[in-house]
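Student: sequence-free structure coming up:
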């Protein structure tokens, strides 16, 4: 059985999402206002979804391999870094210009889902 780096990265991102979610719920609630707390929560939520997507990519790679599956995995990682990461930085620093990066992360997520679909379709 082939090991996938996406399984490991997905598991770590999932763990970090739980930790960041707890930090947001118990540490940030007294430091930032409700809209900023919601932004942080959105980052955590999307990180969690895409940690699970990375686990899916890793499992699919064990069944069959296609370069689009690899591209999908990398797109999900880039999406987490850009989308969730920019939201975390925005909330923690208050520098609103950081949010300019967020849509690029969303675009990476969309590309990842498309690449995942193509990878599955072309592997059959």
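Tutor: Thanks, I have the structure now. Bear in mind that the values here come from a model prediction, so they are computed numbers and not experimental data.

Student: switch to C-alpha atoms for all contacts and neighbour counts from now on
Tutor: Noted.

Student: Would you map the helices across the protein?
Tutor: Here the chain has its helices, by DSSP state H, at 5-26, 34-63, 67-79, 85-93, 102-123.

Student: Tell me which of those is the most buried.
Tutor: Neighbour counts (mean count of other Cα atoms under 10 Å) averaged over each of the helices of the chain peak at helix 67-79, with a mean of 23.

Student: is it possible to export the helices of the chain to JSON lines including mean pLDDT?
Tutor: Converted to JSON lines, the helices of the chain look like this (pLDDT from 0 to 100):
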{"stretch": "helix 5-26", "mean pLDDT": "96"}
{"stretch": "helix 34-63", "mean pLDDT": "96"}
{"stretch": "helix 67-79", "mean pLDDT": "97"}
{"stretch": "helix 85-93", "mean pLDDT": "97"}
{"stretch": "helix 102-123", "mean pLDDT": "96"}
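
Student: which residues sit against stretch 95-109?
Tutor: With contacts defined as Cα atoms under 8 Å, 6 or more residues apart in numbering, stretch 95-109 is touched by 50, 75-76, 78-84, 86-87, 89-90.

Student: one more time with 10 Å, if that's ok
Tutor: Surrounding stretch 95-109, the residues in contact under the criterion Cα atoms under 10 Å, 6 or more residues apart in numbering are 43, 46, 50, 53, 72-91, 110-112, 114-115.

Student: Tell me how far residue 111 lies from residue 91.
Tutor: Residue 111 sits 26 Å away from residue 91, taking Cα to Cα, to the nearest Å as the criterion.

Student: Hmm, residue 58 is touching residue 3, no?
Tutor: Yes: the pair residue 58 / residue 3 is scored as a contact, 7.9 Å apart, by Cα atoms under 10 Å.

Student: Which residue comes closest to residue 65 once chain neighbours are left out?
Tutor: Nearest residue to residue 65, sequence neighbours excluded (Cα to Cα, 6 or more residues apart in numbering): residue 123, at 6.8 Å.

Student: Contacts only, for the one you found.
Tutor: Residue 123 makes contacts with 60, 61, 63, 64, 65, 66, 67, 68, 69, as judged by Cα under 10 Å, 6+ apart.

Student: go with 8 Å
Tutor: Residues in contact with residue 123 (Cα under 8 Å, 6+ apart) are 64, 65, 66.

Student: Alright, I will stop here.
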